[in-house]
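Participant: Task: produce atomic coordinates for the following.
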Amino acid sequence: MTPNTPSARPAESPQAPGALVTTAHDRGITTLTLDSPANRNALSARLVAQLSDALTACGADPAVRAVVLTHTGTTFSSGADLKAPANPYTFVGLMRQIVALPKPVVARVAGHVRAGGLGLLGACDLALAGRTSDFAFTEVRIGVAPAVISLPLLPRMAPRAAARHVLTAERFDAVQAVAAGLITEAADDVDAALVPVLDALRAASPQGLAESKRLLTVEVLDAFDRYAEDLVQRSATLFMTAEAREGIAAFLERRDAAWVL
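Facilitator: Here you go, the predicted structure:
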């Protein structure tokens, strides 16, 4: 068996022109890479649709034992694309798809994660990040709340840590993210840290992984089934308020919002 090392090059699949999500395969592991660095991998309608299609293909392919979700550039994801946003129902569907996929999804982070990008991390089964990575719930800065991303995050995060990070919008590092329950491991070399994790998944039976994941995701899926509709509506209402319009304008114009003291 060929050893899996951080320098090993996975087999690249042909990519469609203009693809925002690229795919590579290596010994049963499919790596999906968010590849829109120009806008910091913002969650546009196109990126969300392409990622959903790629996950569907992974779920149907018996050669795929697990999925790694990673990124190009210095940002895993900056959150919603305010210029070309995904439909909230579509984004909720994407997060639920990750949670319900019958194969483990492992996030690999080497950079910044903001707002909706944290929802993707929360949906993943495992998340490993480099120690220099940082995270922030920035919604309160633009007059809204992390409504829909709370679905996968709140069942998994420590309540006091979630309150601190959501209410203050402060940046926090990978070690704090582990303590909060947001990520699994902070590593000096995230690729080296992934090696034993991925090899362990390769050694596991597909049925064993699928059934074990079903046990682990009961509470998260229950949150989606109970609260998704209410939270989508709440999010849509917030984005239509005058306060949110001011917050978004201030963000795009790189100035303080009117309420900043």
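Participant: Any chance you could list what contacts the lengthiest helix in the chain?
Facilitator: When the chain is scanned for its longest helix (criterion: DSSP state H), the result is helix 218-239. Applying CB atoms under 8 Å, 6 or more residues apart in numbering, the contact partners of helix 218-239 are 88-89, 92, 95-96, 99-100, 123, 143-145, 147-148, 150-152, 154-156, 244. (Glycine included, C-beta is placed from N, CA and C.)
Participant: So the residue nearest to residue 77 when sequence neighbours are not counted: helix, strand or coil?
Facilitator: Computed as CB to CB, 6 or more residues apart in numbering, the closest residue to residue 77 that is not its neighbour in sequence is residue 117, at 3.0 Å. Secondary structure assignment for residue 117 (DSSP: H, G, I helix; E, B strand; the rest coil): helix.
Participant: Where do the strands of this structure begin and end?
Facilitator: 11-12, 21-26, 29-34, 66-71, 75-77, 105-109, 112-114, 126-130, 134-136, 172-173, 185-187 (DSSP state E).
Participant: Which one of the ones you listed lies nearest to residue 208?
Facilitator: strand 66-71 (12.2 Å; CB to CB).
Participant: re earlier: quick one: pLDDT of the residue nearest to residue 77?
Facilitator: Predicted confidence (pLDDT) for residue 117: 97.
Participant: okay, now it: neighbour count?
Facilitator: Residue 117 has 28 neighbours, counted by other CB atoms under 10 Å.
Participant: cool, and residue 78?
Facilitator: Residue 78: 21 neighbours (other CB under 10 Å).
Participant: For it, give me its contacts.
Facilitator: Counting by CB under 8 Å, 6+ apart, the residues that residue 78 touches are 39-42, 112, 114-115, 117.
Participant: OK, contacts around the spatially closest residue to it that is not a sequence neighbour?
Facilitator: Closest residue to residue 78 apart from its sequence neighbours, by CB to CB, 6+ apart: residue 40 at 3.8 Å. With contact set as CB under 8 Å, 6+ apart, residue 40 has these partners: 73-75, 77-78, 112.
Participant: and if you look at residue 151?
Facilitator: With CB under 8 Å, 6+ apart, residue 151 has these contacts: 92, 95-96, 119, 122, 220, 223-224, 227-228, 231.
Participant: let's see it at 7 Å
Facilitator: Going by CB atoms under 7 Å, 6 or more residues apart in numbering, residue 151 touches 92, 95, 223-224, 227-228, 231.
Participant: of those residues, closest to residue 161?
Facilitator: residue 223 (17.7 Å).
Participant: Just give me the neighbour total for the closest one.
Facilitator: 20.
Participant: Tell me the spacing between it and residue 137.
Facilitator: Residue 223 sits 17 Å away from residue 137, going by CB to CB, to the nearest Å.
Participant: coming back round to it: average pLDDT across the longest helix of the chain?
Facilitator: Mean per-residue pLDDT for helix 218-239: 97.
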